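K.L.:
sequence first, then the predicted structure, then my questions.
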Amino acid sequence: LNSDKLSQNVTDQGLELKAVASFKDGSNQYLVSQLTDLTGERLDESTMIDRWQMFGGGNTQMTHYDASTKTATLVTSAIGADDTPNSGFQLTAFTSGKKDFATTYHPNWQNLLQAKKSWIDLTKQQAQGGGLNEEVAKNYGVSWNELVKTGLKPSQVNEKLDNQFTISNIAYKDDLLHLQLKIPNTPKMAAVFPQLVINDKKIDSFADFSVDYGTHNNKTGRADYQEYIFPVKKADLTQAKLVLTGWRWETYQEGDWAIQLKKAKELPLTKISSQTLTTQQGELKLDNIQLSPIALDFNYTGNLNGTTITLN
């Protein structure tokens, strides 16, 4: 009701992007648009926006897909409209056709571990994408900062699991198994999650990080090699199966769809007076409380966790 209605559209690669509405909420400007496949079946319920630009960045999500019209409704929220008022929205790539996979392998662990392995310095890597289960890491007395300082040198093993995945290196360090995989560095390969299965017991890696060994691909933003750390003993590993689960995309579509934007209408804003509450965690002060049709914003001092707030 409070948005600016838009009508601009652009067509590329047999897909039409149409601007529907725009509005501004505080420092965020929103664009509602519709992407329609005019010539094929490249959109579906799993469609995700991969590359786009608008102001200072934010997020673009598909909120609805209409199979009868082959149309995806997109909502973009971006910051920086006040700094670049004459900018616009540009979509350049999306994915769709999500396909899950789960494959079991039976590597010869003893042979893979025999050769002496080299470790390389990773402290100069620009980024080490991955994650850490902090609770498990604490139990083993290790930290993220220590784990990512060194990694296995890629391609010292090169044990192909199939035509997509390769064990590029493997070794034990501090009684923890480091398993390094080479994963297809393409936008269609979305995510891979390795597990070890020993006598029907599933063991997840508690840490993983990328090893960017001169193979960084800007289209995906990933390195070719990902190193996973498992809490498993050598004696138990000989009985282990390796299971790779994840998903890939059937479609990766690139193009150039650009919408010129004007300064959007501000949503109505209600300001609420500052309040002080007494909670089980102590005194909680709320300031600069603002309510719009889509958001509640406030600053606070004190402990907010686990607190239910009723504003007067």
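P.N.:
Looks like it arrived, so ask away.
K.L.:
just checking, Trp161 touches Val243?
P.N.:
Trp isn't right for residue 161; it's Leu. No - the pair Leu161 / Val243 is not scored as a contact, 11.0 Å apart, by C-beta atoms under 8 Å. Every residue, glycine included, has its C-beta placed from N, CA and C.
K.L.:
overlap in contacts, those two.
P.N.:
Listed contacts common to Leu161 and Val243 are Thr103, Tyr105; contacts here mean C-beta atoms under 8 Å, 6 or more residues apart in numbering.
K.L.:
show me the contacts for Glu47.
P.N.:
Wrong residue type there; residue 47 is Thr, not Glu. Met62, Tyr65, Ala72, Phe94, Thr95, Ser96.
K.L.:
now, these that are in strands?
P.N.:
Among those, the members falling in strands (DSSP state E) are Met62, Tyr65, Ala72, Phe94, Thr95, Ser96.
K.L.:
surely the second one and Arg42 touch.
P.N.:
Yep, that's Tyr65 we're talking about. No - Tyr65 is not in contact with Arg42 according to C-beta under 8 Å; the separation is 11.7 Å.
K.L.:
select from the contacts of Thr47 the one having the most neighbours.
P.N.:
Neighbour count (other C-beta atoms under 10 Å) singles out Phe94 as the most crowded of these, with 27 neighbours.
K.L.:
my reading is that Ala235 lies in a helix. Confirm?
P.N.:
Yes - under DSSP: H, G, I helix; E, B strand; the rest coil, Ala235 falls within a helix.
K.L.:
neighbours of it, how many?
P.N.:
Using other C-beta under 10 Å: Ala235 sits among 7 other residues.
K.L.:
likewise the one 3 residues further on?
P.N.:
Under the neighbour criterion other C-beta under 10 Å, Thr238 is assigned a count of 12.
K.L.:
Gln195 versus that one, what's the distance?
P.N.:
Distance check for Thr238 against Gln195: by C-beta to C-beta, to the nearest Å, it reads 17 Å.
K.L.:
where along the chain do the helices fall?
P.N.:
For the chain, the helices defined by DSSP state H occupy 109-114, 134-139, 144-147, 234-237.
K.L.:
okay if I get those as JSON lines plus mean pLDDT?
P.N.:
Shown next, in JSON lines, are the helices of the chain (pLDDT from 0 to 100):
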{"stretch": "helix 109-114", "mean pLDDT": "95"}
{"stretch": "helix 134-139", "mean pLDDT": "94"}
{"stretch": "helix 144-147", "mean pLDDT": "94"}
{"stretch": "helix 234-237", "mean pLDDT": "93"}
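K.L.:
reformat the ones you listed as JSON lines; add distance to Thr279.
P.N.:
Converted to JSON lines, these look like this (distance: least, C-beta to C-beta, whole Å):
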{"stretch": "helix 109-114", "distance to Thr279": "54"}
{"stretch": "helix 134-139", "distance to Thr279": "27"}
{"stretch": "helix 144-147", "distance to Thr279": "33"}
{"stretch": "helix 234-237", "distance to Thr279": "48"}
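K.L.:
quick check: bridge partners of Phe23?
P.N.:
Using DSSP bridges, the beta-bridge partners of Phe23 come out as Tyr30.
K.L.:
contacting residues around it?
P.N.:
Residues near Phe23 by C-beta under 8 Å, 6+ apart: Asn2, Ser3, Asp4, Gln29, Tyr30, Ala264, Lys265, Glu266, Leu267.
K.L.:
cool, and Tyr30?
P.N.:
Residues in contact with Tyr30 (C-beta under 8 Å, 6+ apart) are Ser3, Ser22, Phe23, Lys24, Val75, Thr76, Ser77, Ala78, Ala264.
K.L.:
from those residues, pick the one nearest Asn288.
P.N.:
Taking C-beta to C-beta as the measure, Lys24 is the one of the contacts of Tyr30 closest to Asn288, at 17.9 Å.
K.L.:
ok, the closest one touching Leu269?
P.N.:
No - at 10.3 Å, Lys24 does not count as touching Leu269 under the criterion of C-beta under 8 Å.
K.L.:
ok so, going back, tell me which two in the contacts of Tyr30 are the farthest apart.
P.N.:
Within the contacts of Tyr30, Ser3 and Ala78 form the most distant pair, 15.1 Å apart (C-beta to C-beta).
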